[in-house]
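**Q** pasting the structure only:
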Ligand SMILES: Cc1ncc(COP(=O)(O)O)c(C=O)c1O
Ligand SMILES: Cc1ncc(COP(=O)(O)O)c(C=O)c1O
C-alpha cells in the first residue's frame, strides 16, 4: 500500500483544519471521506455522458446506460458474484435490508417461520425484520456473551431446529465493537442446516477483501458511502435463483414489462428491484471508489486500519477509568470506549476542540449497549488515510479530557 | 430570463457534439442536464463539509447536518410548504409514491376504500397503488377522453361516492402528452368531497412555479434529476398532520427513538421516513438546483419550454403522415408524435444521427398509449436551455427521416 | 450516413414489404416475444412436418424496421429447416449480433444484412426479437393454434 | 479553549456534584424526557403544595455534563415557584439557548452559566432535556408516585 501519509493527499477534505488543529477524521465507521478520483469520475460523467438509462436509443443515453451497467458489473466483480444480475442497486445497506426483509417476508418466509439475528446487529439489520412480526414471522437472537463481542455460533443448530429458522442475518463486522464475525464459517454452518444467510457488510465492504463466493452467503448488503463512494448508493447482492424467487419491493417505471390499469408484470432481476430512475451518478461514483480501493489494495487497507485500532486500544487502555469494548485479539478498525465520570458526549466535544472527529452515541446499537449497561460510547474508527500520529493525538486528548473533568 | 443561448453555457454537457452535429438534448422529460453550479456545490460539499448527519457532535458533522437540513428548508420554501418537517427526502418521485402508497395503505386507507387515478398516470403513480389490491383497496380511473388528454374532472364527485374513494392521485403534467392538469381546481374539488390528494409533480417541479399552499394538495412528489439536481434525490411533501398519522416505510438507523430486540418506536416526521444514511450529497445538489432555477426564474422557464413545444408542434404538424399527441392550446414543454409507417425507434435512431437526442417508447405510460392504439411514440421535451434552432433542426430531420423510409 | 449500415437496402426492403406477414391458419406452434424496452411484440406461427421440419411459417405483430425486417428474413431463412437447424441458425445470428463471432460470418441470403446491427447495441434486441419467438416456439410444447 | 465557554465553572461543578439528585419519595408528579440523539434520559419528580407551588423537586437519570448540570440548576431555580413561573422560566431558557433572546438576559443565579450553550447548537438538546421533562410534569395529569 502507498503510505497513508501519501494517500491522505487524495482526499481533499482531509487537508482542512478543525479548531486550529489539522483535522483528524476518526469517524469512518459512520462514513468515509471521498478521494478526488471519485469526485472527478462523477463530475466527468455528468459533464459528458449523462442521460437517463435503459430507455434511450440516442448515443448519450446508450453511453449513460453502458456506464451504469458497467458499474453493476464492477460491483459484481468486486464481490465475486457470479453475474451482474445478482447486483441490485439500493440507497445503501438500510434500503438493501428493507428490500430483502419485505420481499423475503412475502416470497421466502411463511407464517410461523423464524429469522435468526445476533444481539450485535445495527438497527438497520434489526428493525426491518421486526416489521415482519405482522406476518407472523418471529425473531430469535444469538446472544452476545461479553463486551468482546463473543457469540457462540454453535447455538445456531439448536435455535434453528427449535424455532423453524429459515434465515440468518448477521453483521460481518460490528460497527460498535469492531468484532469480525467468521462469515464463511457461519454461512457454511447455516447452509448445512438449510438456512438462508444475509451478511450485513456495511463495515467490511471496501475495508477488506470480500467474496460472496468464498463466504457462501445467499445475500449481502453494503453502502457505498462507507467505502469512498458518494452517498445514496449501495447494493444488495442476492444469489440468482433467490432473486428470481423474490417479489418486487418498490414498483413503478423501469421494473415492469407489461402494465395494464389493473395489473402489471415484472422484469427479471436485478431490474425488477429498481423502480424509477436510479441513482446513476451514485453508481458511477461507486465504480470509481472500487477502482480506487483496488488500486490501494484491500488487504493492505484492512491490515492498516486494524493495526491502528490495536494501537489505539493499547494506548487508551493506560488511561485511568477507561473501559474499552470489543475483542482483545483481532479487531477491525474500530475502538469504542467510555471514560468513567465523563459522558461520551462531553468527551467527543472535547476531542473535537483538538481537531479529532469522533462519534459518541448508541451507534444504532441500542440493544447491545443496553446489555452492557451503557447508553453511549465514544468511537474512533480508522481507514486507509489515518496515521499513527492521529492516534497519538487521540490518546493524549482523552487523557487531557479526563483530567479536565476530574477537576 | 437570461437568453437560453447564454444559459446553455452553464451546462457543460450541452457543449458536446453528437455524430458530428452540436448535441441538441431534447429528452428533458426523462431527465435534465446539470448546471456547473450544481456540480460545484456537490463537489465543494464533499471537499469541505462532508460527514454523516444527525449523529455527530464534532464540527464537521454539525456542518454536514446543517447543510443537509438547510436543503430540506430550501425544498420547503421552494414548494411553499408550512415547515421543513413536511419534506421527506426520497430517491425521487417513484420512491416518494411507493412510500406514500405503502404507509397510507396501512395508516389512512381501509379494506374496501378506493383510490382514484387517471388513465394518464406514469407507471410510478399506478403500479404502487395496484400493490394495495392485496389489502382490499380498489383502484378507479378517470378516463382520458381524447389524444389531447382531456379529463372530465366533474366525474370525481360521482366516482368518489360510488366507490368510497379516499384518495385522488394524479399527475400535474402528463409526461407523454404535455397536458397540464388544473391542480388547484382539482384539489379544491377533491377536498370539498373529503378526498386526500397526491400530486405527481415529476414533470412540473422545477419547470414552473409550484406551491402546495396554492395548490391545496395533501401530498406532492417530485424528482431532483428532472430539475437540474443530481440523480438519487427527490422528495415527498406531506401535510404535517397527515405525515404524523403515517406509519414508517423503510426502517432502521436514524428513524427510531428507542430500539429493543422485540420492538421499536419512531421519530416524528420527517425523520420517521428516512431510514439509514440519506443521500446527503444529493440533497446539497438539490438545494443548489433550486437556487439556480430561482435565479433563472421559474415563470420564465415555463413560458420558454411551453413556447418551444408549441413551436415544435406547429412545425411538425406540416409533415405528411405525422400524428401529434397532446393539447392544442396550452402544452407544457413536451411533444409526443408518431410518423405513419416509421416506427418511433427508427425515427429517433435517425434523429440521433443528426445530433438530436429524443426518446422513443411507451414513456412509462402503457395504459394511455394502448388506449390510443399505440405502443410507442417519439417525444421531444424542452427545458430552459433549448433554443428554436434546435426545434428547426428537429422538424427538418423528421421530414428527412420520413422521406428516407418512404423510399 | 452511419445509419445506412444499420438500415441496409435489404433491411429497408423487408421492413417496407415484410414477407410471410399475417397469421398462419392451422399452425401447430406459435410463440410471441416482447421487447420490454419499447413494447414491440412479434408473434410467430409454425407448422411442422411429420418429420419435424418447418413446413410453413408466418409472423404478425408490430415493430420497428429492424425487428420487422429481421422477422421477415427469418421466415424465409428457416423455411424447410429442421428444428435443430433453425436453432443453430438462431444461435449464429445471436453470436453475430453480439459481436462474439466475426462480422464476415456469411449468412445465407439477405440475412447477412443483419450484420449492420452489431454496431448498434441498443438495436440488437429488436433484431433478435423474432428469433427469441422462434426458439420459444420450437422449444415449447405444442400450442393450440391461435 | 472555546469549550470553557460551554463548560463554565458552574456547569462543571453541577455536573460533578449534581444537587437534588435521586428519586423523590412521595412525589405527586413525575415525567421523563429522552434525548433521541444519544439515549440520555432525565426523570423529574415534583411535589406540589396545595397552592400549586413546587415544594420539592429531584431528578434522576444519566446524561452528559450539560444535561446533568442543567437539571441540577433547574431543581434549584424552580423550587418554590408556581407552575406558571416555572413554565415562564423554561420558555426563557429555551429562548436564550436558541438565540432568539439576547445573551445578556440575566438569569437568576448559576442558571446564567447555561448561556454558554448557545454557541453549541448540537448541545442545546442536552441543556433543554430536563426543562422538557419539567414542562411535561407540570402539564401532565397527576402521575402516580414513582
Ligand atoms: C453494521 C451496519 N449495518 C448497517 C448500517 C446502515 O448503513 P446505511 O446507513 O448506509 O444504510 C451501518 C452504518 O450505519 C452499519 O454500520
Ligand atoms: C409524471 C411522472 N411521474 C413519475 C416519474 C418517475 O420519476 P422517477 O423516475 O424520477 O422516480 C416520471 C419520470 O420518469 C414522470 O414523468
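**A** Received it, and whenever you're ready, just let me know what you need. Note that the coordinates shown come from a computational prediction; the quantities given were computed from them, not determined experimentally. Ligands and ions are numbered 1, 2, ... in the order given.
**Q** any idea where the strands of chain C begin and end?
**A** Residue ranges of the strands in chain C, as given by DSSP state E, are C:29-34, C:41-48, C:54-62.
**Q** Mean pLDDT, distance to ligand 1 and mean neighbour count added to the ones you listed, as JSON lines?
**A** C-beta here means a position set from N, CA and C on the backbone, and glycine is covered the same way. Formatted as JSON lines, those follow (pLDDT from 0 to 100; distance: least, C-beta to the nearest ligand atom, whole Å; neighbours: other C-beta atoms under 10 Å in any protein chain shown):
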{"stretch": "strand C:29-34", "mean pLDDT": "91", "distance to ligand 1": "36", "mean neighbour count": "22"}
{"stretch": "strand C:41-48", "mean pLDDT": "94", "distance to ligand 1": "40", "mean neighbour count": "23"}
{"stretch": "strand C:54-62", "mean pLDDT": "94", "distance to ligand 1": "44", "mean neighbour count": "21"}
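**Q** just how off-centre is the longest helix along chain C within its chain?
**A** Criterion DSSP state H: the longest helix present in chain C is helix C:121-139. How far helix C:121-139 lies from its chain's middle: 6 Å, per C-alpha atoms, centre = their mean, to the nearest Å.
**Q** nearest to residue C:122, of the strands of chain C?
**A** Closest to residue C:122 of the strands of chain C, according to C-beta to C-beta: strand C:29-34, at 16.6 Å.
**Q** is that closest one anywhere near chain A?
**A** Yes - on the criterion C-beta under 8 Å from any C-beta of the partner chain, strand C:29-34 is in touch with chain A at residue C:34.
**Q** which strands and helices sit next to that strand?
**A** Applying 3 or more C-beta pairs under 8 Å, 6 or more residues apart in numbering or on different chains; DSSP states H and E, one finds that strand C:29-34 contacts strand C:41-48, helix C:121-139.
**Q** Can you check the pLDDT for the most centrally placed residue in chain A?
**A** The C-alpha lying nearest the average C-alpha coordinate of chain A belongs to residue A:202 (C-alpha atoms, centre = their mean; 0.9 Å). For residue A:202, the model assigns a pLDDT of 98.
**Q** ok so, going back, tell me which of the helices and strands packed on strand C:29-34 lies nearest to chain A.
**A** helix C:121-139 (5.1 Å; C-beta to the nearest C-beta).
**Q** check whether that closest one contacts chain A.
**A** Yes - Helix C:121-139 is in contact with chain A by C-beta under 8 Å from any C-beta, via C:121-123.
**Q** tell me the contacts of residue A:364?
**A** A:122-124, A:175, B:252-254, B:259 (C-beta atoms under 8 Å, 6 or more residues apart in numbering or on different chains).
**Q** Closest to residue B:233 out of those residues?
**A** Nearest to residue B:233 among the contacts of residue A:364, with distances taken as C-beta to C-beta, is residue B:254, at 16.4 Å.
**Q** Tell me how far the closest one lies from chain A.
**A** From residue B:254 across to chain A, the span is 7 Å (C-beta to the nearest C-beta, to the nearest Å).
**Q** Near residue A:77, how many other residues are there?
**A** A count of nearby residues for residue A:77, using other C-beta atoms under 10 Å in any protein chain shown, gives 13.
**Q** Out of the contacts of residue A:364, which sit inside strands?
**A** residue B:259.
**Q** Just put the contacts of residue A:364 in JSON lines and tack on distance to chain D, pLDDT and neighbour count.
**A** Shown next, in JSON lines, are these (distance: C-beta to the nearest C-beta, whole Å; pLDDT from 0 to 100; neighbours: other C-beta atoms under 10 Å in any protein chain shown):
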{"residue": "A:122", "distance to chain D": "15", "pLDDT": "98", "neighbour count": "25"}
{"residue": "A:123", "distance to chain D": "12", "pLDDT": "98", "neighbour count": "25"}
{"residue": "A:124", "distance to chain D": "16", "pLDDT": "98", "neighbour count": "31"}
{"residue": "A:175", "distance to chain D": "16", "pLDDT": "98", "neighbour count": "27"}
{"residue": "B:252", "distance to chain D": "15", "pLDDT": "98", "neighbour count": "28"}
{"residue": "B:253", "distance to chain D": "12", "pLDDT": "95", "neighbour count": "28"}
{"residue": "B:254", "distance to chain D": "10", "pLDDT": "93", "neighbour count": "22"}
{"residue": "B:259", "distance to chain D": "10", "pLDDT": "95", "neighbour count": "25"}
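**Q** quick check, nearest of the contacts of residue A:364 to residue A:6?
**A** residue A:175 (27.8 Å).
**Q** Roughly how far does the closest residue to residue C:65 other than its chain neighbours sit from residue B:156?
**A** Once flanking residues are discounted, residue C:65 sits nearest to residue C:15: 3.6 Å by C-beta to C-beta, 6 or more residues apart in numbering or on different chains. Using C-beta to C-beta, to the nearest Å, we find residue C:15 at a distance of 45 Å from residue B:156.
**Q** Any residue of the longest helix of chain C touching chain B?
**A** Yes - contact of helix C:121-139 with chain B (C-beta under 8 Å from any C-beta) involves C:123, C:126.
**Q** before we move on, what about stretch C:94-110?
**A** No - if you take C-beta under 8 Å from any C-beta as the test, stretch C:94-110 misses chain B, and the best it gets is 15.7 Å.
**Q** Start and end of that stretch, how far apart?
**A** Between the start and the finish of stretch C:94-110 there is a gap of 16 Å, counting by C-alpha to C-alpha, to the nearest Å.
**Q** and residue C:77, what is it in contact with?
**A** By C-beta under 8 Å, 6+ apart, the contact list for residue C:77 reads C:89, C:108-109, C:111.
**Q** Please apply the same query to residue A:68.
**A** Counting by C-beta under 8 Å, 6+ apart, residue A:68 has contacts A:53, A:278, A:280, A:283-284.
**Q** Now pLDDT too, for these, in a markdown table please.
**A** What follows is these, written out as a markdown table (pLDDT from 0 to 100):
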| residue | pLDDT |
| --- | --- |
| A:53 | 94 |
| A:278 | 98 |
| A:280 | 98 |
| A:283 | 98 |
| A:284 | 98 |
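**Q** any idea which of those residues is closest to residue B:218?
**A** Taking the contacts of residue A:68 together and measuring to residue B:218 by C-beta to C-beta, the closest member is residue A:278, at 27.7 Å.
**Q** helix, strand or coil for the closest one?
**A** For residue A:278, the secondary structure call by DSSP: H, G, I helix; E, B strand; the rest coil comes out as coil.
**Q** Settle it for me: which of residue C:15 and residue B:156 has more neighbours?
**A** Neighbour totals were compared for residue C:15 and residue B:156, and residue C:15 leads with 25 against 21 (other C-beta under 10 Å).
**Q** Would you map the helices across the stretch 151-300 of chain A?
**A** A:155-162, A:183-192, A:212-215, A:240-245, A:280-296, A:298-316 (DSSP state H, counting those that start in this stretch).
**Q** mind checking which of the ones you listed is nearest ligand 2?
**A** Ligand 2 lies closest to helix A:280-296 among the helices of the stretch 151-300 of chain A, at 10.6 Å (C-beta to the nearest ligand atom).
**Q** Distance from the chain centre to that closest one, please.
**A** Counting by C-alpha atoms, centre = their mean, helix A:280-296 is centred 16 Å from the centre of its parent chain.
**Q** next one: stretch A:175-184
**A** Stretch A:175-184 has its C-alpha centroid displaced from the chain centroid by 11 Å (C-alpha atoms, centre = their mean).
**Q** Is there proximity between that stretch and chain B?
**A** No - using C-beta under 8 Å from any C-beta, stretch A:175-184 never reaches chain B; the gap is at least 9.6 Å.
**Q** Straight-line length of that stretch, end to end?
**A** Stretch A:175-184 end-to-end distance (C-alpha to C-alpha) = 19 Å.
**Q** what does stretch C:109-123 give?
**A** Using C-alpha to C-alpha, the two ends of stretch C:109-123 sit 21 Å apart.
**Q** Likewise for stretch A:98-118?
**A** Span of stretch A:98-118 from end to end, C-alpha to C-alpha: 17 Å.
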